[in-house]
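# Dropping the sequence and predicted coords here.
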Amino acid sequence: MHELGIMYHIVEQVLRVVETNQLSEVEAIVLQVGELSSVVPRYLHACFPAAVDGTILENTKLEVEILTANGICGGCGKVYPLLEHSRMCPECQGEELEMISGGEFYLKEIRAY
Amino acid sequence: MKEIRILEIKESIFEDNNRDAQRLREQLKSENTFLLNLMSSPGAGKTTTLVNTINRLKDKLSIAVMEADIDSDVDARTISETGVKVIQLHTGGMCHLDADMTRQGLRGLDAKGTDLVILENVGNLVCPAEFDTGSTKNAMILSVPEGDDKPLKYPLMFQISDALLINKIDTMEVFDFNLDLCVERVKKLNPDMAIFPVSAKTGEGMEAWTEWLYREVKGE
């Protein structure tokens, strides 16, 4: 269960943005989470109320965008979604691959007044 | 009507901690203290390995230990029997340490002037790999009973570590552990990894590991 600790980090990061830009209210926080990053979106949502408790983000929405994990086949160079194909190239059935996305975990943007 | 603004941030969530860790690393370097972050799953033999390592090096280096645990002090008690300074850090339910918690621990330990501080991270192969503690080097332990497939299952930990101890090699016959295959899998993820098959219990292989660590601390 590391989502709560991570959520506290995110809240701190957002509060700094709020201060720097002198925002009065934050409507939404948008995160991007790769399919193969080690955070679970459902747990992020579950932890969010605890992490924003007592801050000006209490009424802020949390939005999480999921990014597909894609790999490039080491054999034939095809780019394919890893989870859908269980890490095996749909073209040549090769298992050598390089992950090109899916491990991301970003604070993408915040919408604010 | 208030106008809504979209502030594009596009910053990695781990970025804050990464920056903080880098500051801590530089500070430790200027103080000539080497911080080793030791990670493994629970039961891989971190504490036994640590005791054995300390006993081999404590006459040559000044050593202190930070024990990170969710909520107990059994490991700190065991370590304190070696005579080195030890502090227990309770993460309070968190599964890893970050750079700020590490800094607080170092402060509590009063580590200035210590050659080698070893941080025994929370037993877990996932989260500690994602949070840079500010350590000079990372070492991890994989024990034979856990299986030779762990590099496939927890690649990040193997990618960010500088040294790997394959512990409990005295039990190799009991478990279906293929050492060559394991090394091959690790090297594929991390060609620069220093690998030490050891038994912290019998002492086998510990000489090579502690020599490596000594050289790293001395900057040789």
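Cool, got the structure.
# Please report how far the closest residue in space to residue B:216 that isn't next to it in sequence lies from residue A:45.
Spatial nearest neighbour of residue B:216, excluding adjacent residues (CB to CB, 6 or more residues apart in numbering or on different chains): residue B:137 at 5.9 Å. Every residue, glycine included, has its C-beta placed from N, CA and C. As judged by CB to CB, to the nearest Å, residue B:137 and residue A:45 stand 37 Å apart.
# Neighbour count: the two, which is higher?
residue B:137 (17 against 14; other CB atoms under 10 Å in any protein chain shown).
# correct me, but that one touches residue B:160?
No: counting by CB atoms under 8 Å, residue B:137 stays clear of residue B:160, with 10.5 Å between them.
# tell me the contacts of the residue most central in space within chain B?
Taking CA atoms, centre = their mean, the centroid of chain B lies closest to residue B:38, which sits 1.6 Å from it. Residue B:38 makes contact with B:46, B:49-50, B:118-121, B:139-141 under the criterion CB atoms under 8 Å, 6 or more residues apart in numbering or on different chains.
# Narrow those to those in strands?
Those of the contacts of residue B:38 mapping onto strands are B:118-120, B:139-141, per DSSP state E.
# Please settle this for me: is residue B:38 part of a helix?
No: under DSSP: H, G, I helix; E, B strand; the rest coil, residue B:38 sits outside any helix and is assigned strand.
# lowest-confidence helix or strand of chain B?
Least confident helix or strand, chain B: helix B:74-80 with a mean of 85, by mean pLDDT, DSSP states H and E.
# quick one: contacts of that one?
With contacts defined as CB under 8 Å, 6+ apart, helix B:74-80 is touched by B:46-47, B:50-51, B:54, B:65, B:67, B:69, B:86-88, B:120.
# Among those, which one sits closest to residue B:211?
The closest of the contacts of helix B:74-80 to residue B:211 turns out to be residue B:54 (CB to CB; 14.8 Å).
# Go ahead and confirm residue A:88 touches residue A:95.
Yes: counting by CB under 8 Å, residue A:88 touches residue A:95, with 5.6 Å between them.
# Now do the longest helix along chain A: which elements does it pack against?
Determined from DSSP state H, the single longest helix within chain A is helix A:3-20. Judged by 3 or more CB pairs under 8 Å, 6 or more residues apart in numbering or on different chains; DSSP states H and E, helix A:3-20 is in contact with strand A:26-34, helix A:41-52, strand A:105-112, strand B:5-12, helix B:15-30.
# nearest residue to the residue lying farthest from the centre of chain A other than its sequence neighbours?
If you look at how far each residue of chain A sits from its centre, by CA atoms, centre = their mean, the farthest one is residue A:92, at 30.8 Å. Leaving aside its chain neighbours, residue A:92 sits nearest to residue A:76 (4.4 Å; criterion: CB to CB, 6+ apart).
# I'd like the distance between that neighbour and residue A:7.
41 Å.
# So those two - more neighbours on which side?
Counted by other CB under 10 Å, residue A:76 and residue A:7 do not tie: residue A:7 has more neighbours, with 24 against 12.
# what's the neighbour count on the residue lying closest to that one once chain neighbours are set aside?
For residue A:7, ignoring the flanking residues on the chain, the nearest one in space by CB to CB, 6+ apart is residue A:51 at 3.9 Å. Number of residues near residue A:51 (other CB under 10 Å) recorded here: 22.
# follow-up on the earlier one: of the contacts of residue B:38, just say which sits nearest to chain A.
Of all these, chain A sits closest to residue B:121, with 12.7 Å by CB to the nearest CB.
# okay, now the closest one: neighbour count?
Residue B:121 - counted by other CB under 10 Å - has 29 other residues nearby.
# What score does it have for pLDDT?
Note on residue B:121: pLDDT of 91.
# hang on, it packs against residue B:133?
Yes: Residue B:121 is within contact range of residue B:133, at 7.3 Å (criterion: CB under 8 Å).
# what does chain A put close to chain B?
A:1-2, A:4-6, A:9-10, A:12-13, A:17, A:21, A:23-25, A:27, A:31, A:38, A:104-113 (CB under 8 Å from any CB of the partner chain).
# OK, contacts around the residue nearest the centre of chain A?
Central residue of chain A (CA atoms, centre = their mean): residue A:33, 2.0 Å from the mean position. Contacts here follow CB under 8 Å, 6+ apart; on that basis residue A:33 touches A:39, A:41, A:44, A:64-67, A:104-105.
# Need those in TSV (columns: neighbour count and pLDDT).
Formatted as TSV, those follow (neighbours: other CB atoms under 10 Å in any protein chain shown; pLDDT from 0 to 100):
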residue	neighbour count	pLDDT
A:39	19	85
A:41	16	91
A:44	20	93
A:64	16	96
A:65	12	96
A:66	14	95
A:67	17	95
A:104	19	88
A:105	20	90
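# Does residue B:184 lie in a helix or a strand, and which?
helix B:179-189 (DSSP states H and E).
# what about that helix, average pLDDT?
The average of the pLDDT scores along helix B:179-189 is 95.
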